[in-house]
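[1] My questions are about this predicted structure, shown below with the sequence.
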Amino acid sequence: MALTDQKIESLLALCQKGNQLAQLEVYNRYSKAMYNTALRIVKNEVEAEDVMQESFIAAFSKLDSFKGTATFGSWLKRIVINNSIVQYRKGQRFTELSEYDLKEEAEEGFGIESEDYGSTKVAELLHCLETLHENYKTILTLHFIEGYDYEEICDILQISYANCRTMISRAKESLRTKLTVSA
């Protein structure tokens with residue numbers, strides 16, 4: 001059963017009161033998506049599980065700061081991404097994206113010409129993405145794979161809007177160049 005906004009609101013109200021059954025229901029609803037988000041960034045299953053659990057604990061303990069301007073899921077996802085980036089900056093390697101994810105994203109908008117992206121093209125894209133500067137890998141993942149807009153990325157990475165646009169533009173250009181050279 002899909003959770004409606006009203007059901008989420010009532011569950012969150014119960015969570016604020018410490019109701020463990022409500023917390024479990026919210027956890028079960030969002031845990032898989034949050035785990036996958038963390039895994040894409042920290043690139044380690046155990047670390048992704050830790051980040052996800054720490055994020056849920058933080059979210060449940062700070063529910064009073066949830067203003068409802070965004071959905072609970074997007075608010076929670078932002079917490080997961082922030083915690084994942086912190087974990088990544090502690091020395092973890094960036095996630096290795098599946099060929100499916102890369103094929104889908106390449107077809108949707110890395111800004112390269114549309115071709116048949118068979119496994120060879122996806123492997124090239126994966127290799128080129130892995131060779132990008134860490135900041136470029138992070139910002140392209142947030143924008144193209146996680147689907148965040150520039151303003152959300154600015155908040156997550158704590159950078160200016162102009163810097164965000166410049167970094168995404170340079171990251172895409174760097175990826176295009178590497179793909180052209182490897183072709």
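    The structure has been received and is ready for your questions. Numbers count the residues shown, from 1 in each chain.

[2] Following the chain onward from the helix or strand of the chain with the lowest mean pLDDT, which element is next?
    The helix or strand of the chain with the poorest confidence is helix 99-109; it has a mean of 52 (mean pLDDT, DSSP states H and E). Next along the chain after helix 99-109, taking DSSP states H and E as the criterion, comes helix 119-131.

[3] Mind listing what's buried along that following helix?
    By neighbour count on 16 or more other Cβ atoms under 10 Å, the buried set for helix 119-131 is K121, V122, E124, L125, L126, C128, L129. The C-beta positions use only the backbone N, C-alpha and C, and glycine is treated the same way.

[4] Just the buried positions in the helix or strand following it, please.
    Next helix or strand after helix 119-131 toward the C-terminus (DSSP H and E): helix 134-140. Buried residues in helix 134-140, counting neighbours by 16+ other Cβ under 10 Å, are found at Y136, K137, T138, I139, L140.

[5] and the helix or strand following helix 134-140, what other elements does it pack with?
    Downstream of helix 134-140, the next assigned helix or strand under DSSP H and E is helix 150-157. Using 3 or more Cβ pairs under 8 Å, 6 or more residues apart in numbering; DSSP states H and E, the elements in contact with helix 150-157 are helix 72-89, helix 134-140, helix 161-182.

[6] ok, back up a step: possible to save the buried residues of helix 119-131 as a markdown table with pLDDT and distance to V51?
    Converted to a markdown table, the buried residues of helix 119-131 look like this (pLDDT from 0 to 100; distance: Cβ to Cβ, whole Å):
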| residue | pLDDT | distance to V51 |
| --- | --- | --- |
| K121 | 74 | 31 |
| V122 | 73 | 26 |
| E124 | 78 | 30 |
| L125 | 72 | 26 |
| L126 | 71 | 23 |
| C128 | 82 | 26 |
| L129 | 75 | 21 |
